[in-house]
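In: Could you work out the structure for the sequence below:
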Amino acid sequence: MTPLRFGLEEEVFITEPDKPTLQSLYYLARLLWLDPGYYYTHTACNFNRGKDLRWGLMSGIEISTGVFPDTGDLVADLRRRRRELAAVCQGLIVPVGHLFDQVAPTNICGMHVHVSGFPDRERAYRNLVYFLPLLALLVINSPIAGSRRYGQSYRWAEAFAIGPLREDRLYRFQDLIESKRLGTLEIRVFDPVWDLERIRILLECIRAVLEAGVDYPGDIETYNRLRRQVALEGYIQELQPIYRELSKLLPVPEVYFQQTPADALGRLWKEQGTLATYTALDNAYRNGILQPRPLKTMRVRWPLMLAGFCGYYLPRMPYSIKKVLSEW
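Out: Sure, this is the predicted structure:
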């Protein structure tokens, strides 16, 4: 039996102090030249589109891990990549699905999990569809939009880059796809979250679902009916039977689904406000402590933006074009 293999792409905002700027490209340039052989193909940058350009051009940045059969090794690699990004970045690293003061469907960050190596691809797809509305709650983390509490995930409910499942699994902008470029099943629904322990549990749950010798009744219609309701309300009653099925495969405490990262972030935002919550997320990303801390003086400088454009964006342009063409 071929072992499952996992890879992960994590997008985060770098804010200075409360919005991303093109200086994010400078930090990516420093990361690229730290290890060109790796980061040329394992980083990316995103930009706003259409009417969301009123919030600025820059959106999130991405780092990705290697491919591992052991999910513990993947989490260890992600921890190392986070540490290397933190070392070159002076801005606030904000792992969240959507920025709090905006209503911008194109300005979002996600966490994509790639899986390959399953013997029965059809069963793997159906089983993932069955459990995904529940599993998404482990890392759901986009509770604020337009400076108001939205629910659990504005990104899941409203973002342009994901969406309801279709019969055409190669269509890119949906929650679960067949990746044209990598040949993997790519789970795109998850929000980025600072908590590595929740990411580890999520990966173990995915493994358990895919290795189960059971054919679960995952269907697109039910998933699409649930996705928006769960994005707004969280752990609804209809998910409880799915949790009981999951707990037969892996003993995950129910509290992980009842009390989400979005709940914790929503409370912190209500008590401390947007900028203090961003400093807490930066602290959690760098040090594992979700607690606000004093904001350092930040300066956004055009020479650094230009250095980022010339040192990161231009050298990677051939790869970026090749990547886009292979994904469409």
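In: use CA for all of it now, contacts and neighbours both
Out: Will do.
In: Okay, strands next: where are they in the stretch 151-300 of the chain?
Out: 176-178, 185-190 (DSSP state E, counting those that start in this stretch).
In: ok, residues contacting the shortest one?
Out: Okay, so that is strand 176-178. Strand 176-178 is contacted from outside by 165, 169-171, 184-189, using CA atoms under 8 Å, 6 or more residues apart in numbering.
In: if we can go back for a sec, so for Gly60, which of the strands of the stretch 151-300 of the chain sits nearest?
Out: Nearest to Gly60 among the strands of the stretch 151-300 of the chain is strand 185-190 (15.1 Å), distances taken as CA to CA.
In: packing partners for the closest one?
Out: strand 111-116, strand 176-178 (3 or more CA pairs under 8 Å, 6 or more residues apart in numbering; DSSP states H and E).
In: As TSV, the contacts of strand 176-178 with pLDDT and distance to Tyr319 would be great.
Out: Listed next are the contacts of strand 176-178 as TSV, based on pLDDT from 0 to 100; distance: CA to CA, whole Å:
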residue	pLDDT	distance to Tyr319
Leu165	98	29
Arg169	96	25
Leu170	95	21
Tyr171	95	22
Thr184	96	20
Leu185	97	22
Glu186	97	20
Ile187	98	23
Arg188	98	22
Val189	98	25
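In: Tell me the buried residues within those residues.
Out: 165, 169-171, 184-189 (16 or more other CA atoms under 10 Å).
In: host element of Ser326?
Out: Using DSSP states H and E, Ser326 sits within helix 314-327.
In: Quick check: buried residues in that helix?
Out: Applying a neighbour-count criterion of 16+ other CA under 10 Å, one finds 316, 320 buried in helix 314-327.
In: go on, stretch 305-316?
Out: 305-309, 311-313, 316.
In: Dump those into CSV; add secondary structure as well.
Out: Converted to CSV, the buried residues of stretch 305-316 look like this (DSSP: H, G, I helix; E, B strand; the rest coil):
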residue, secondary structure
Met305, helix
Leu306, helix
Ala307, helix
Gly308, helix
Phe309, helix
Gly311, helix
Tyr312, helix
Tyr313, helix
Arg316, helix
